[in-house]
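1. this one's structure only:
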């Protein structure tokens, strides 16, 4: 499965000098993120160390090393939101979306939870942003409703 | 000296030099010291640490001596008040993101950062702020990596890619959080690392250390005994680091004629046999099914008598000798001469052939 | 009734720059086509009369639509799909322009005071149609160049006085001459379209509005220096610009303007597009080269300069988008025409992205040497809020510095900007009024450069981080005696010792704000006050008993329960519980939170 896509990318770039970034860009396009197995696949075939791919992928902001969900939920962790209880809401969200411990994306790849420093909307704390839509004065109870609205 | 084409002055000292030389190379040749951290003679100039900046007459901005090629009539000053202040600040900035635990650091006494901090009299306390707090990586037998002590000189990465060409590590991330690492931060294994320890050899701080030598002694307590590596025919120079009569570490000096300070996994880490209780220290002669300890005289006597017997019974073509490419030319010549005159055989060869 | 004759030359132009598209220009185009088809106008005109144009700069009033009839142009502003039917009905069918939707005097003021060379065609021609560019004299400059000797081309560019528009302002002709001199067989020319300054979008607009001018510039440059290969390094964040460049390259290849034997002159020239992957540092030329080579974008020490050893070790000329798109008209109109515009050392025009607390924001093109005053008041229409006064202007983005209101008569050219501690940069121009905190401003830019530092050299990697920490401390009310001196010492040394342009200019926003607004820094540190009332931690919130209308909005907004209020009672703020988030301040409709 990944082999077929990798092969297509390789055919496109294998003659090109300096193709690491282009390969990574296409890899992300195909898989949604930079996959370790795909990097190793290219590393073997092009005789370019995997560390080199990894170094490039971590340098540029465009690349993600973990799969990202179709929907991005951003929780504000500024002082006001923290005071108003953003942490329990994040926990409830993780539970609701069955996001495994230590990960930030749900198994089905539908949701990614991220937290940011203050978004500057303290008067409606706690604030959550889902795909650019702002949800203010969030509560634990409103979590299912919020998820329903996106999916 | 007469064929050198350009003339420059460094701190007023006239130096003749060639077109492709850098300011740093010429300065070192004429005995002017310029501090460096990211420079290693084995590597391409990098220009990252900025400590080697010098003032060049007519240029408003200081230039890094390690990367700037000389030009005719260039006048270089290696230390001005401004440059001294900048160097102090650079060292302070490094120390502001450093554990500063020299008391228990393996590298104490042999650390470029420690030496510079002493020389410039700074401790980094003026800049308080975020410090790295990353776990030590040592899930392998040879190399201990403490990222918190890394100063991002890039020497480990460059030696791994430019000299060893193993590509085990590369710089990852960027800005304040950039650091050398393996692909996907995986532990070093024989899959991704040669364990040559070249990265350790070039690391100017305690970020990369030889795991086997940890706690075995300070650099200044060790007597360095120069010898030649016993593993292959390349003939690398080793410095056995000896403390209290025991070899606790192996290093190599840049002036080693064959290997210029480079070593492989065997030369650098394969010294356990020296103090092994299983090590054979005297000749053994097989008696029946057993090996029995013997003196050199006894052993040589056995060898000589067996050669004689073989020659008498089968003639000179039945015997031969094979010498090591680790032997000197003179030694090889002697062996060939001995085989041809004493054994009267032409069967003599050397492993350098393979 | 539709009069066939009067509609013969009907043209409707809709702005489809990124700004226009975001404002809904595609929907407007669709609506026009629908409305015209419904009234059988299209049939009467018998040609595609709804055209697309690139950005015309006045993004504040998007979507902008031109209706051209009988040679007369009427421009509508803020057009939305629901306005289209009325425009078609009243203006196109009946011949009575809808006056209330036409652009006002500020549109004309905005445009009339500019000198448009590069932006002239942006907003007039369809960027996806090469014939439109050729029709206005496009590719004549390249043809002219290829009829000359490469050295003659360099001579024209050198005498024109054109300087690089990307930052440092190096003489383009001189750069070319260095590269031309190299005897290497393979050379490259790179178009730097990695425009990364926050708030700057000059290059994007030029490419979106007139991509062929950039390609033509590259042909001229490639021919002059002897490069047969061109790269355009463009940020992936500019999908529309990339798409238009691809279309433009394809069309130019079809016409024989690119590829083997360009204009049958014997000169071969190919252009490839390389998409950046999100790193501001790659706008630095040696880092850009590393990135094209597929590596981490780490700058390399200069010397050797790229013109000697650049891409793949070969001599390489790197020019910015704006620089390149100046070339066609320099070639066709001549060096003396170009050098007649501008000042003694800064020739031609410069495109700026005018933003901030100013009335008319957008993209402007002005002659070098114009005063800041003219830009702000004549083109920009003055301050956004009439009760606010101009405090400073920031140029050069994160590499530049601020110019205080007292220097408003200063001419805008390379030398003047540098003399005041700022720089031309790529052309961001942010206008600030007295509600802008200069410490916060410096912190904003340093956050940006700190995040974008590649990490190769110590001063930039650790130095900008420490400077940012000091600034953050100051804005949070934890500033210390000596912090200003420490910032200045550190800033000076980072500038002197950094490896590349990013580090060498990163402290500029801090140093220049200290230079002109030291009192503001001191107010933060010594008095614990942010004079512009921006730094939230330094605010002390109290309720004015006189102004409070007892509505309780502050009480409901407060996340920490610090507002004490009951119905028909004036609110009071408990300082112990207050976390200084400013929610009450934002919520109060009467301005009674002080």
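-> Cool, got the structure. Every value quoted in this text rests on a predicted model; they were computed, and no experiment measured them.

2. Would you map out the domains in chain C?
-> According to automatic domain parsing, chain C comprises the domains C:4-103, C:130-339, C:349-433, C:438-527, C:540-594.

3. rank those domains by pLDDT, which is bottom?
-> Lowest mean pLDDT within those: domain C:4-103, at a mean of 76.

4. Using TSV, please lay out the domains of chain C together with distance to residue A:26 and mean neighbour count.
-> For the C-beta atoms, the positions are set from N, CA and C on the backbone; glycine is no exception. Output for the domains of chain C, formatted as TSV (distance: least, Cβ to Cβ, whole Å; neighbours: other Cβ atoms under 10 Å in any protein chain shown):
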stretch	distance to residue A:26	mean neighbour count
domain C:4-103	24	18
domain C:130-339	11	22
domain C:349-433	29	22
domain C:438-527	24	22
domain C:540-594	44	17
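
5. To residue B:285, which of these lies closest?
-> Closest of these to residue B:285 is domain C:130-339, at 61.3 Å (criterion: Cβ to Cβ).

6. Over to residue 105: give its phi and psi.
-> Since you didn't name a chain, this refers to chain A. With angles defined as degrees, to the nearest 10, residue A:105 sits at phi -130, psi 140.

7. Likewise for residue A:94?
-> The phi/psi pair for residue A:94 (degrees, to the nearest 10) is phi -60, psi -40.

8. Would you mind naming the helix or strand containing the closest residue in space to residue C:128 that isn't next to it in sequence?
-> Nearest residue to residue C:128, sequence neighbours excluded (Cβ to Cβ, 6 or more residues apart in numbering or on different chains): residue C:247, at 5.2 Å. Assigned by DSSP states H and E, residue C:247 belongs to helix C:239-254.

9. ok, now how distant is residue C:413 from residue C:160?
-> Noted for residue C:413: a distance of 16 Å to residue C:160, by Cβ to Cβ, to the nearest Å.

10. do residue B:188 as well
-> Taken as Cβ to Cβ, the span from residue B:188 to residue C:160 is 58 Å.

11. Looks like residue C:439 contacts residue C:473 (just checking).
-> No: with contact defined as Cβ atoms under 8 Å, residue C:439 does not count as touching residue C:473 (10.5 Å).

12. contacting residues for the residue nearest to residue C:589 when sequence neighbours are not counted?
-> Spatial nearest neighbour of residue C:589, chain neighbours left out: residue C:553 (6.5 Å); criterion: Cβ to Cβ, 6+ apart. For residue C:553, the contact set (Cβ atoms under 8 Å, 6 or more residues apart in numbering or on different chains) comprises C:584, C:587-589.

13. Show me what the helix holding residue C:247 is packed against.
-> If you count contacts as 3 or more Cβ pairs under 8 Å, 6 or more residues apart in numbering or on different chains; DSSP states H and E, helix C:239-254 packs onto helix C:18-22, helix C:130-135, helix C:202-209, helix C:211-225, strand C:229-234, strand C:267-275.

14. let's go with 10 Å and repeat that
-> Applying 3 or more Cβ pairs under 10 Å, 6 or more residues apart in numbering or on different chains; DSSP states H and E, one finds that helix C:239-254 makes contact with helix C:18-22, helix C:130-135, strand C:188-193, helix C:202-209, helix C:211-225, strand C:229-234, strand C:259-262, strand C:267-275.
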